[in-house]
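Asks: With the input below, show me the fold.
(2 chains)
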2 protein chains.
Amino acid sequence: MATVTIRDVAALAGVSPATVSRVLNADPRVGAPLRERVHVAVEKLGYRPNSQARSLRTRATRVLGLIITDIQNPFFTALARGVEDAASERDYSVVLANSDESLDKEQRYLEVAAAERMAGVILAPSSTAHSRIGTLTERGIPVVAIDRRLRSAEVDSVSVNNQKAAKDAVGHLISAGCRRIAMITGPSGASTATGRLSGYRSALREAGIEPDPALEIRGDYRIEGGRAAVRAVLALPERPDGLFVGNNLMMVGALNALADTGVRFPADILLAGFDEMSWAGFAPPITLVEQPSYEIGRRATELLLRRVAGEVFPAQRIVLPARLRIRGSTHRVA
Amino acid sequence: MATVTIRDVAALAGVSPATVSRVLNADPRVGAPLRERVHVAVEKLGYRPNSQARSLRTRATRVLGLIITDIQNPFFTALARGVEDAASERDYSVVLANSDESLDKEQRYLEVAAAERMAGVILAPSSTAHSRIGTLTERGIPVVAIDRRLRSAEVDSVSVNNQKAAKDAVGHLISAGCRRIAMITGPSGASTATGRLSGYRSALREAGIEPDPALEIRGDYRIEGGRAAVRAVLALPERPDGLFVGNNLMMVGALNALADTGVRFPADILLAGFDEMSWAGFAPPITLVEQPSYEIGRRATELLLRRVAGEVFPAQRIVLPARLRIRGSTHRVA
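Replies: I've put the predicted structure just below:
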């Protein structure tokens, strides 16, 4: 009953044991072809992580970490409920942490997760480009990224198709008659912002409208940034006839700016946004892209628990569909 | 440097060591006068819980449990944020659990808290009368009750003055001209429901209106219960001119019932409720009692962390004020 070792995997894949270890620790420095060869070998041999990793895992608590930006944002509220439901079904508890989009706070919580020997962590990275999870992967603690992706590590992720969802929303504004549509986009460090901006541009191009850089205003995914961005848009010499706002907090700021300046929707401008703003069916009458946030939380947890159980498989990238909910803010007044 | 023992405390208080132990474990079978004597003796002698309890405490993790009914209810969302902020300032993490008002789920989570050796637990009891926390107090794990109180144990609690808040809201309906005010109240097992009902009655009596049992409808603090209760109210031979709804989920049901039956507010009936329904300033135009939920979470956590640090003091009962936010639903149409 010989145990399969990391050396057997390395030999079959034709790489060094160090490379196998890097692949299993989600090190992004290993290229896709090598990664693939290692994963094939792991699966062929039925290799399970070595005894050291296993013993680390045995010492882990039945606790999962959930690091999000703010539990008070309805997107994360529903997501957290999905995580907790899926975790409690398998007798895991969930530790909640709010990073407030701060890399420092996020890093501190990742260290807590390592120190408390949590079984795994679900992370909404505060930055696609700059978030680092080495603290966890070095210790064999699996991580699933949600909402935004992580550039620094090849880990499982669950998100929505931001590009397509934004394209649908902007396409809807165009069908409603808009020709000059402004977009309030999110921070350049967030993959969601990149995807949504790209969807906005491709909807315009498909309709034969050339994207105008003056109509793409960068916000920060927060209320004040949304307010400032929409005030800037409304001060343009030629006012847009449509407005697409990149997330729900900026939409709160956008509504404030519209109220401040007396610009009415849908009479003066059509308005659409991204992410729910409501609870228990209380939606303001605004056309919004609704993400399946509860489902994102559930799927991420199920994936994480497979890793916690020691399953070895290539990094998964689950992309769920979002839905455009059309409401009064995009019904053109005749 | 003689250590103060439980025997010294017992001798000074003139009780048995077992009684001292019961008092320190929040056993409600010990009457108030004895409890007081024990606490005075504990403070005089500077007694700290015995070495066994101390060693239990040393083994505890830096994790607090937060057991609420549902994180998606805005009351608990803001409260959870207050708990997490106060905990993370002191380098504690928070485990989140949703009991869904089920005693079974609640009991299971209390057992998890004990098994994971959490440092302390903040509990929104699913029932004032039937929730039991012996699993934790037996192990020296401190508990703070929030929102509702606990009848089975003398523990710290943080809540609002439900009686006064409800009295203010119903008093406001009376000043707005209502004379036949119905109340949708919560489950009889919840101290919040008892307090709010009593506030409703005393506002009526102060205005010289005799409470009519036919106008007090028992709901279950959930959407469907609120809907059914309001349908029953609207089917009364003489329809009320005012409606006071006992929590936010039942208000969702109430709004559905009003929409179903075509009864408009404020034109046909004035409407007020309890608990916020909004996020980031998105409130439906309904007069509501707003609880300081973030503050409740913060204060409960600060109190819990004093217990975790080993401080010994009599059970605290912190009652915070709630605020009536008057909106369009109680502006009588001329």
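Asks: Every contact and neighbour count from this point should use C-alpha atoms.
Replies: Fine.
Asks: Quick check: phi and psi on the spatially closest residue to residue A:193 that is not a sequence neighbour?
Replies: In this structure, residue A:193 finds its nearest non-sequential neighbour in residue A:186, 4.7 Å apart by C-alpha to C-alpha, 6 or more residues apart in numbering or on different chains. When read as degrees, to the nearest 10, the backbone of residue A:186 gives phi -90, psi -170.
Asks: And residue A:186, how close does it get to chain B?
Replies: Using C-alpha to the nearest C-alpha, to the nearest Å, residue A:186 is found at 18 Å from chain B.
Asks: can you pull the contacts of that residue?
Replies: Residue A:186 makes contact with A:192, A:193, A:194, A:218, A:219, A:220, A:221, A:246, A:247 under the criterion C-alpha atoms under 8 Å, 6 or more residues apart in numbering or on different chains.
Asks: who's in contact with the spatially closest residue to the fourth one that is not a sequence neighbour?
Replies: Spelled out, that is residue A:218. Excluding its sequence neighbours, the residue lying closest to residue A:218 (C-alpha to C-alpha, 6+ apart) is residue A:185, at 5.0 Å. For residue A:185, the contact set (C-alpha under 8 Å, 6+ apart) comprises A:193, A:196, A:197, A:216, A:217, A:218, A:219, A:220, A:221, A:245, A:246.
Asks: Quick check: residue A:185 vs residue A:138, distance?
Replies: With distances taken as C-alpha to C-alpha, to the nearest Å, residue A:185 is found 35 Å from residue A:138.
Asks: Please apply the same query to residue A:162.
Replies: Distance from residue A:162 to residue A:138, by C-alpha to C-alpha: 31 Å.
Asks: pLDDT score assigned to residue A:75?
Replies: We have a pLDDT of 92 for residue A:75.
Asks: just to confirm, which helix or strand has it in it?
Replies: For residue A:75, the host element (DSSP states H and E) is helix A:74-89.
Asks: by contact count, what packs against that helix?
Replies: Secondary-structure packing of helix A:74-89 (3 or more C-alpha pairs under 8 Å, 6 or more residues apart in numbering or on different chains; DSSP states H and E): strand A:63-68, strand A:93-98, helix A:293-308, strand B:93-98.
Asks: neighbouring strands for the last one, and are they parallel or not?
Replies: This means strand B:93-98. Here strand B:93-98 has these sheet partners by DSSP bridges: strand A:93-98 (antiparallel), strand B:63-68 (parallel).
Asks: Next, the angle helix A:74-89 makes with that strand.
Replies: 80 degrees (axes from the mean of the first three to the mean of the last three C-alpha atoms, to 10 degrees).
Asks: roughly how far is strand B:93-98 from the heart of the chain?
Replies: 17 Å (C-alpha atoms, centre = their mean, to the nearest Å).
Asks: neighbouring contacts of that strand?
Replies: Residues contacting strand B:93-98 (C-alpha under 8 Å, 6+ apart): A:84, A:93-97, A:112, B:62-71, B:83-84, B:87, B:109.
Asks: how about low-confidence regions in chain A?
Replies: Regions of chain A meeting the criterion pLDDT under 70 cover residues A:1-2, A:48-60, A:280-281, A:334.
Asks: Can you list the residue ranges for helices in chain A?
Replies: Along chain A, the stretches classed as helices by DSSP state H are A:6-13, A:17-24, A:32-45, A:51-59, A:74-89, A:103-115, A:134-137, A:162-175, A:191-206, A:223-234, A:248-261, A:293-308.
Asks: As JSON lines, those helices with mean neighbour count would be great.
Replies: JSON lines is the format used below for these (neighbours: other C-alpha atoms under 10 Å in any protein chain shown):
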{"stretch": "helix A:6-13", "mean neighbour count": "18"}
{"stretch": "helix A:17-24", "mean neighbour count": "19"}
{"stretch": "helix A:32-45", "mean neighbour count": "17"}
{"stretch": "helix A:51-59", "mean neighbour count": "13"}
{"stretch": "helix A:74-89", "mean neighbour count": "22"}
{"stretch": "helix A:103-115", "mean neighbour count": "19"}
{"stretch": "helix A:134-137", "mean neighbour count": "18"}
{"stretch": "helix A:162-175", "mean neighbour count": "22"}
{"stretch": "helix A:191-206", "mean neighbour count": "21"}
{"stretch": "helix A:223-234", "mean neighbour count": "21"}
{"stretch": "helix A:248-261", "mean neighbour count": "21"}
{"stretch": "helix A:293-308", "mean neighbour count": "22"}
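Asks: Now distance to residue B:120 too, for these, in a markdown table please.
Replies: Shown next, in a markdown table, are the helices of chain A (distance: least, C-alpha to C-alpha, whole Å):
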| stretch | distance to residue B:120 |
| --- | --- |
| helix A:6-13 | 42 |
| helix A:17-24 | 37 |
| helix A:32-45 | 43 |
| helix A:51-59 | 22 |
| helix A:74-89 | 19 |
| helix A:103-115 | 17 |
| helix A:134-137 | 26 |
| helix A:162-175 | 41 |
| helix A:191-206 | 38 |
| helix A:223-234 | 35 |
| helix A:248-261 | 34 |
| helix A:293-308 | 25 |
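Asks: looking at those helices, which is closest to residue B:287?
Replies: Nearest of the helices of chain A to residue B:287, taken as C-alpha to C-alpha: helix A:248-261 at 21.1 Å.
Asks: which helices and strands does the closest one pack with?
Replies: Counting contacts by 3+ C-alpha pairs under 8 Å, 6+ apart, helix A:248-261 packs against helix A:223-234, strand A:270-274.
Asks: Of all these, which one comes closest to chain B?
Replies: helix A:223-234 (8.8 Å; C-alpha to the nearest C-alpha).
Asks: Quick check: phi and psi on residue A:291?
Replies: Main-chain torsions, residue A:291, degrees, to the nearest 10: phi -90, psi 150.
Asks: What sits closest to it if chain neighbours are left out?
Replies: The spatial neighbour of residue A:291 that comes closest, neighbours along the chain excluded (C-alpha to C-alpha, 6+ apart), is residue A:322 at 4.7 Å.
Asks: Just give me how far stretch A:5-24 sits from the chain centre.
Replies: For stretch A:5-24, the distance to the chain centre is 31 Å (C-alpha atoms, centre = their mean).
Asks: Now do residue A:19 against residue A:36, distance only.
Replies: Here the criterion is C-alpha to C-alpha. By it, residue A:19 lies 12 Å from residue A:36.
Asks: swap in residue A:314?
Replies: 8 Å.
Asks: next one: residue A:287
Replies: As judged by C-alpha to C-alpha, residue A:287 and residue A:36 stand 42 Å apart.
Asks: Also residue A:120?
Replies: 24 Å.
Asks: ok, now residue A:83?
Replies: Using C-alpha to C-alpha, one gets 30 Å for the distance from residue A:83 to residue A:36.
Asks: what do you get for residue A:129?
Replies: Per C-alpha to C-alpha, residue A:129 is found 24 Å from residue A:36.
Asks: just residue A:65 next, same as before
Replies: Distance, residue A:65 to residue A:36, by C-alpha to C-alpha: 29 Å.
Asks: do the same with residue A:64
Replies: Distance of residue A:64 to residue A:36, given as C-alpha to C-alpha: 28 Å.
Asks: Next: residue A:77.
Replies: 36 Å.
Asks: residues from chain A in reach of chain B?
Replies: A:61, A:71-74, A:77-78, A:80-81, A:84, A:93-98, A:112, A:116, A:249, A:252, A:277-282, A:284 (C-alpha under 8 Å from any C-alpha of the partner chain).
Asks: got the domain boundaries for chain A?
Replies: Domain assignment for chain A, taken from automatic domain parsing, gives A:6-58, A:63-160+A:293-320, A:162-292+A:323-330.
Asks: Make a markdown table out of those and add distance to residue B:269.
Replies: Formatted as a markdown table, those follow (distance: least, C-alpha to C-alpha, whole Å):
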| stretch | distance to residue B:269 |
| --- | --- |
| domain A:6-58 | 60 |
| domain A:63-160+A:293-320 | 31 |
| domain A:162-292+A:323-330 | 20 |
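Asks: Thanks again, I'm all set now.
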